[in-house]
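here is a sequence together with a model predicted from it:
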Amino acid sequence: MRGMLRQLVSRNRFAARSLRQKLVIYLMIGCLLPLLLVGIVTYSSIYSILTGKIQSGISASLQQESASLENTINNLDFASKQFALDGQIVQEVSSFLQEKQIYKKSQIMASINEKMNLVNFTNPYLGLTAYLLPGTEDQILFTNLSMESDFDSNKLPSFITYNGAKYFGPHKTMYKDSTNIVFSGLRVVRVSGKQEVYIYLETNYNLFRNILSQQSYGMKVNHLLVNEQGNITYMEDKDLPEGIEKLTWDHSASDHREYKGYHLFRYDSPQGWQLIAAVKKSTFNSEIYSWITKMIVLALSTLLFAGLLAYLIWRQVYRPLRKVNVEIVRMAENRMTPVSFTNVEEFDLVLNNFQMMKTQVNDLIDAVAHNEKQKSQFEIEKLLSQINPHFLHNTLNTVQWLARLNGQKEIDRLVTLLVKVLHYNLGKQSLIVTIGDEIEALHHYMELQRIRYDYEFEFTVDVDNSALSVAVPRFLLQPIVENAIYHGVSERNGRVTIQIRTVDGDNVSLSVEDNGAGIEPEAVEKLLNDDEGSKRRGLGIGLSYVNRMLRRYYGDNVQFTIQSELGSGTKVSIVIPRKGKEEFDD
């Protein structure tokens with residue numbers, strides 16, 4: 001038994017997961033599923049929030065830079081107009097160009113330089129300032145700082161033409177002692193004569209660096225400046241994808257789009273230039289990636305915690321399970337010793353039930369052994385019950401032949417009827433017979449009784465032919481007829497009537513009526529209720545048997561009634577469903 005149990009356990013070990021595996025799986029699902037749902041909901045919210053925040057932050061910073069750049073151009077425009085349109089300065093420049101005396105020229109130059117320094121002092125955003133006379137050997141007329149002598153405006157990167165002036169940049173300053181990046185402007189000065197004089201202005205040394213700053217974005221941003229011709233004049237990162245300046249944008253002042261792994265933000269200035277901020281997607285999504293990394297770390301920590309928790313629970317469950325397994329093995333080995341409890345309430349409840357089961361199994365084993373002994377005894381008694389009727393039949397047959405040999409016809413007839421009645425009542429045929437079989441046996445019985453009572457009563461049988469093939473339990477009518485003869489037939493002119501009719505095609509009515517003294521209503525009630533007092537008086541033994549048999553084979557689909565009137569007789573009626581033999585369960 002123990003070997004079979006081990007084989008069964010080893011066979012099922014591969015068919016089902018262990019409790020430890022299931023604990024780990026269930027705990028991981030229980031811990032990770034809420035985290036996963038929260039993560040999905042949070043991600044959808046966080047992504048839109050962070051994306052919107054980053055986009056709005058970059059757009060705001062871009063607009064601020066663009067506004068500063070527009071102010072720079074406007075300031076250069078304003079300052080250039082001061083130098084080019086102010087009547088006093090323009091007049092002094094014209095006088096300087098026409099004056100021949102060196103002394104007066106030096107006085108005019110000093111006055112012009114003084115005015116230039118005053119304008120530069122009042123405009124701190126200005127850097128290099130110079131009056132230029134192109135086409136001459138010394139084209140620099142006046143300047144506040146040392147300027148490159150080979151200045152050529154055609155070599156400067158064109159930016160825009162705005163309010164009658166040309167603007168360049170960003171480019172390296174023309175100041176000799178600096179390498180700063182600046183914006184510059186060039187405007188014609190309307191002086192007398194045929195000579196063309198220009199005023200050249202640059203932004204100060206750190207203005208451009210302050211305008212395009214990374215600090216306001218909080219991330220690495222690449223700036224692109226596009227001039228009014230649509231050409232890139234400034235690019236911080238040379239590795240940016242080509243064709244950004246040729247992209248199609250909508251007509252809003254600020255726009256956003258994605259292009260070749262970059263997020264692009266554009267500001268289209270009314271002055272005619274564009275400022276584009278390019279951010280790599282990896283940089284743009286750095287906060288989202290940081291959140292995802294934290295969620296992954298949290299998920300791994302949750303997995304670790306779930307595994308540890310499963311291990312602790314398994315340790316708490318494993319020892320009680322071993323004790324339960326030991327008790328099962330003991331029972332398989334027929335060692336019915338009392339169980340040892342685990343001090344864990346749930347497992348002790350199982351073990352207590354297991355102990356009750358062991359007790360019941362022991363009782364069942366004892367009961368089976370006792371029943372086996374009784375079964376042998378019943379087999380012997382059954383064999384004797386089969387031998388005794390056989391012996392009785394053989395004896396009666398001997399008596400019958402002796403009566404025939406001696407010419408005793410009455411005895412021969414009596415024994416013949418008795419043999420037929422005993423053969424029907426004690427025979428080995430089926431418990432289910434037809435009404436025809438029952439009526440035939442009843443004729444033999446009634447004839448035997450008439451001989452016994454010296455023909456003091458009459459009996460009649462009235463049966464519908466359609467009812468003869470209806471199946472009924474064997475020995476159904478004889479106990480009722482016997483009861484009618486013993487208790488219901490008067491001393492003289494007695495009569496017993498058996499009537500069988502088909503009712504409504506689906507039922508059969510059987511009745512036995514006598515003309516005896518009748519039964520009191522109380523006695524009828526006791527008979528129907530199977531009262532033990534009536535049985536002791538011998539009144540209802542046969543009726544009790546019939547009632548029980550009817551309930552056994554027909555259940556609630558039977559009607560069993562007794563109608564009796566004192567001095568007039570008794571009628572026992574039975575209504576049963578119409579059935580064939582195949583519909584009965586022997």
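Structure received.

what ranges do the helices span in the stretch 301-450 of the chain?
Ranges of helices within the stretch 301-450 of the chain are 345-405, 409-426, 435-452, based on DSSP state H, counting those that start in this stretch.

of the ones you listed, which is nearest Ser282?
The closest of those to Ser282 is helix 345-405. By CB to CB, the value is 54.1 Å. Bear in mind the C-beta positions are built from the backbone N, C-alpha and C, glycine included.

and Val496, how far from Ile480?
From Val496 across to Ile480, the span is 10 Å (CB to CB, to the nearest Å).

so what sits against both of those two?
Common contacts of Val496 and Ile480, defined by CB atoms under 8 Å, 6 or more residues apart in numbering, comprise Val512.

hang on, the earlier thing: including mean neighbour count, could the helices of the stretch 301-450 of the chain go into CSV?
Below are the helices of the stretch 301-450 of the chain laid out as CSV (neighbours: other CB atoms under 10 Å):
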stretch, mean neighbour count
helix 345-405, 12
helix 409-426, 16
helix 435-452, 18
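
would you single out the least confident of the ones you listed?
Averaged per stretch, pLDDT over those is lowest on helix 345-405, reaching a mean of 69.

mean confidence for stretch 153-173?
pLDDT averaged over stretch 153-173 gives 90.

quick one: distance of that stretch to the chain centre.
Averaging C-alpha positions (CA atoms, centre = their mean, to the nearest Å) puts stretch 153-173 68 Å from its chain's average.

in it, which residues are buried?
Buried residues in stretch 153-173, counted by 16 or more other CB atoms under 10 Å: 156, 158-160, 162-163, 165-171, 173.

and which of the residues you listed is nearest to Tyr486?
Here the nearest of the buried residues of stretch 153-173 to Tyr486, counting by CB to CB, is Pro170; it sits at 138.0 Å.

can you pull out the helices in this protein?
For the chain, the helices defined by DSSP state H cover 2-13, 19-85, 87-98, 102-122, 207-211, 281-284, 286-332, 345-405, 409-426, 435-452, 478-488, 521-528, 532-536, 541-554.

ok so, going back, of all the buried residues of stretch 153-173, which comes closest to Thr136?
Closest approach between the buried residues of stretch 153-173 and Thr136, by CB to CB: Leu156, at 19.2 Å.

so who does the nearest residue to that closest one once chain neighbours are set aside touch?
Once flanking residues are discounted, Leu156 sits nearest to Phe168: 3.8 Å by CB to CB, 6 or more residues apart in numbering. Listed by CB under 8 Å, 6+ apart, the contact partners of Phe168 are Ser153, Leu156, Pro157, Ser158, Phe159, Phe183, Ser184, Gly185, Leu186.

with Tyr175 instead?
Going by CB under 8 Å, 6+ apart, Tyr175 touches Gly127, Leu128, Leu145, Ser146, Met147, Glu148, Glu202, Tyr205.

of the residues you listed, buried ones?
Buried residues within the contacts of Tyr175, counting neighbours by 16+ other CB under 10 Å: Gly127, Leu128, Leu145, Met147, Glu202, Tyr205.

let's see the pLDDT reported for the last one.
Right, Tyr205. For Tyr205, pLDDT reads 75.

pretty sure it is touching Val182, no?
Yes: using CB atoms under 8 Å, Tyr205 is in contact with Val182, at 7.4 Å.

what touches both of those two?
By CB under 8 Å, 6+ apart, the residues touching both Tyr205 and Val182 are Gly127, Thr173.

ok, back up a step: nearest to Leu32 among the contacts of Tyr175?
Tyr205 (58.8 Å).

roughly how far apart are that closest one and Lys526?
Using CB to CB, we find Tyr205 at a distance of 132 Å from Lys526.

how about the contacts of Tyr175, which pair is most distant?
Farthest pair in those (CB to CB) is Glu148 and Tyr205. Separation: 15.2 Å.

in stretch 93-107, what's buried?
For stretch 93-107, using 16+ other CB under 10 Å, the buried residues are Val93, Ser94, Ser95, Phe96, Leu97, Glu99.

pLDDT at the fifth one, what is it?
Think Leu97. pLDDT, Leu97: 81.

what's near enough to touch it?
By CB under 8 Å, 6+ apart, the neighbours of Leu97 are Leu133, Val191, Gly193, Gln195, Val197.

same deal with Phe208?
Here Phe208 is in contact with Gly169, Pro170, Asn180, Ile181, Val182, Phe183 (criterion: CB under 8 Å, 6+ apart).

save those residues as JSON lines, and put in distance to Ala110 too.
Formatted as JSON lines, the contacts of Phe208 follow (distance: CB to CB, whole Å):
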{"residue": "Gly169", "distance to Ala110": "31"}
{"residue": "Pro170", "distance to Ala110": "33"}
{"residue": "Asn180", "distance to Ala110": "28"}
{"residue": "Ile181", "distance to Ala110": "32"}
{"residue": "Val182", "distance to Ala110": "27"}
{"residue": "Phe183", "distance to Ala110": "29"}
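
what's the closest of those residues to Gly567?
Gly567 lies nearest to Pro170 out of the contacts of Phe208, by CB to CB, at 141.7 Å.

next one: stretch 96-107 to chain centre, how far?
Per CA atoms, centre = their mean, the displacement of stretch 96-107 from the mean C-alpha position of its chain is 98 Å.
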